[in-house]
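Q: Take this sequence and fold it.
(one chain, ligands or ions: 1)
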Amino acid sequence: MAAGIDDISIYIPRLYIDAADFAEARGLDPVKLQKGLGVSQMAIVDANQDPAILAANACLKIMQKNKLSPEDIGRLYVSTESSFDESKAMNSFVIGMLEQVYGQGAFEHCGGVETKFACVSGSYALYDNTNWIRAGEAEGKHALVVVSDIAKYDMGSSGEMTQGAGAVVMLLNDNPRLLAFDPKVTSTSIKDEYDFYRPFGKETPIVHGQYSNMLYMIQVRKALEAYKKKVISTKLINIEQGETILDHMDYINMHLPYSNMGKKALAYLVRHEWRQLPRWKKVLQEIGMDEPIPKDPRGTIESVLGDEEFMAKDHEFTKLFTKTPEYQEVYESKLASSLIASSMIGNLYTASLYLGFRSSLEFEYQKGIQLEGKRIGFGSYGSGSSAMVFSGVIQPEFEEIVKNMNLEAEIGERRRLTWEEYEELHENKLSPEESMLKSKKEFSLVDVKTETESRGERR
Ligand code: HMG
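A: Now for the predicted structure:
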């Protein structure tokens with residue numbers, strides 16, 4: 001049975017901090033943000049928004065667009081790492097808001113949980129809900145998987161230039177117009193790590209930036225190795241001599257904590273895939289380097305982790321590789337269009353990968369490319385750490401959804417924050433009624449209560 005993504009909607013806060021303003025205030029070269037990280041603007045939540053608000057607004061949009069009623073929705077999952085309650089799931093806040101529109105008890109028989117594993121949890125939620133459909137449990141109903149986050153780092157930290165916020169919701173069913181997931185090939189890797197984590201009560205994460213970059217690439221590569229074995233054993237893809245698995249993916253969407261991370265991570269995967277191929281020799285000559293050999297005699301993929309010197313060498317190697325015409329071609333044809341939205345909006349943690357997917361659909365379609373039948377590979381990563389690699393194929397009715405995609409229109413009119421406004425919002429100095437923008441026909445936070453039965457009121 002086919003199962004996959006039928007439609008996708010986004011909700012992005014309309015306030016943003018511009019990379020040029022950020023660089024000026026922090027005394028940085030703006031080129032570091034714009035070219036080094038690929039960050040042009042970062043979406044910032046208003047004083048009357050939180051991750052549940054973003055999620056509910058995205059859900060309302062997709063339900064109204066598809067004329068769905070609550071009885072059509074069998075499951076509503078929320079994946080987030082910006083949770084604000086240790087036991088009450090974010091779904092319940094979202095359903096509470098949706099029931100203000102659809103009526104009390106309207107979602108009574110809709111199941112779902114909040115899932116957490118840093119940025120990868122949305123991919124686990126998609127996988128579980130796809131299998132709920134494949135198992136025949138859905139009885140013709142749809143699942144909503146909403147990924148919603150506020151990526152917020154300490155003032156003055158290196159992570160502060162990779163912030164962002166937003167929600168993406170995906171409607172899943174057994175007759176998807178957009179993308180059907182490939183069965184029996186989804187692959188994972190997992191390891192207890194502390195590259196990025198947020199202890200209880202802390203609003204911002206503790207981050208080991210360069211270590212997290214390397215770990216991301218290693219974990220995704222391990223998941224890709226497992227994926228390769230599965231596509232071969234299930235005969236989903238026949239990899240001929242001289243080819244790699246990446247040749248069979250027309251597009252590749254990577255987790256995007258900042259847009260250049262996608263470029264870097266894909267380069268890392270491609271160069272390791274190419275090491276067995278004749279074309280690799282030519283690339284090596286071009287960049288005048290030998291492939292670094294892991295120091296660890298076990299030669300495991302992760303043996304470079306923690307070895308500063310080796311990590312720097314490996315990084316330099318990947319960087320040189322990104323400049324070769326061979327990689328440029330892969331980058332331009334398979335990845336570049338997925339990065340456009342990320343550079344305009346920033347990191348969305350769980351939602352970053354899916355904003356990238358949405359971005360590639362819109363901008364590839366605009367080029368006039370026929371997308372039907374194209375295979376999309378996904379490289380999902382969550383700190384702490386786990387990666388997931390999976391794939392899907394664009395369906396014949398994709399155009400019904402993609403032809404109306406317009407990122408700028410969907411975000412709405414944006415407002416550029418001054419540095420002082422940004423600081424006030426970052427330090428939570430404003431109450432909901434002091435929000436910078438007034439909400440119209442959307443959910444917003446009207447009140448926040450602490451240490452009472454209810455954390456806040458949302459309308
Ligand atoms: P940094 O260490 O200050 O930056 O912070 P850098 O020195 O690595 O510079 C960044 C890039 O800009 C480099 O390019 C520089 O060369 C370049 P690269 O070598 O990588 O190609 N650069 C310049 N380019 C032009 N002109 C200049 C200039 N200066 C430098 N003047 C870091 C970067 C990502 C470490 C930091 O922002 C950070 O800690 N971010 C948060 C952690 C993060 O995003 N990690 C990513 C991997 S882990 C992940 O994705 C999971 C996550 O989403 C969380 C989750 O799963 O929940 C974060």
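
Q: Next to the ligand, which bits of this structure? Give me the list.
A: Listed as neighbours of the ligand in the chain under the rule Cβ under 6 Å from any ligand atom: 29, 31-32, 35-37, 81, 118-119, 158-159, 161-162, 196, 207, 209-210, 212-213, 216, 255, 257-258, 261, 264, 319, 347, 349, 381-383. No exception for glycine: its C-beta is placed from N, CA and C like everyone else's.

Q: and the residues you listed, which are buried?
A: Buried by 16 or more other Cβ atoms under 10 Å: 37, 81, 118-119, 159, 161-162, 196, 207, 212-213, 216, 255, 257-258, 261, 264, 347, 349, 381-383, out of the residues of the chain next to the ligand.

Q: out of the residues of the chain next to the ligand, which are inside strands?
A: 196, 207, 381, 382 (DSSP state E).

Q: want to throw these into a markdown table with distance to residue 337 and pLDDT?
A: Converted to a markdown table, these look like this (distance: Cβ to Cβ, whole Å; pLDDT from 0 to 100):
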| residue | distance to residue 337 | pLDDT |
| --- | --- | --- |
| 196 | 27 | 96 |
| 207 | 28 | 96 |
| 381 | 20 | 98 |
| 382 | 24 | 98 |
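
Q: since we're on the nearest residue to residue 226 once chain neighbours are set aside, how many residues are nearby?
A: The shortest distance from residue 226 to any non-neighbouring residue, by Cβ to Cβ, 6 or more residues apart in numbering, is to residue 187 (3.6 Å). Using other Cβ atoms under 10 Å, residue 187 is surrounded by 18 other residues.

Q: in the stretch 301-450 of the chain, which spans are helices?
A: With DSSP state H, counting those that start in this stretch, the ranges of helices along the stretch 301-450 of the chain come out as 308-322, 325-334, 340-345, 352-366, 398-402, 407-411, 419-426.

Q: Skip the chain neighbours and tell me the closest residue to the closest residue to the ligand within the stretch 101-250 of the chain.
A: Distances between the stretch 101-250 of the chain and the ligand by Cβ to the nearest ligand atom are smallest at residue 209, namely 2.5 Å. Once flanking residues are discounted, residue 209 sits nearest to residue 158: 5.3 Å by Cβ to Cβ, 6+ apart.

Q: Test my guess that the one you found contacts residue 208.
A: No - contact status for residue 158 versus residue 208: not in contact, 10.3 Å apart, counting by Cβ atoms under 8 Å.

Q: Start and end of stretch 76-88, how far apart?
A: 15 Å (Cα to Cα, to the nearest Å).

Q: Over to stretch 26-43?
A: Using Cα to Cα, first and last residues of stretch 26-43 are 18 Å apart.

Q: Residue of the stretch 301-450 of the chain nearest the ligand, please.
A: Residue nearest to the ligand within the stretch 301-450 of the chain (Cβ to the nearest ligand atom): residue 383, separated by 3.7 Å.

Q: Where does pLDDT dip in the stretch 251-400 of the chain?
A: Where the stretch 251-400 of the chain drops to pLDDT under 70, the residues are 292-299.

Q: Which residue would be the closest one in the chain to the ligand?
A: Closest point on the chain to the ligand, by Cβ to the nearest ligand atom, is residue 36, at 2.1 Å.

Q: wait, that residue sits on residue 260?
A: Yes - contact criterion Cβ under 8 Å: residue 36 and residue 260 qualify, at 6.9 Å.
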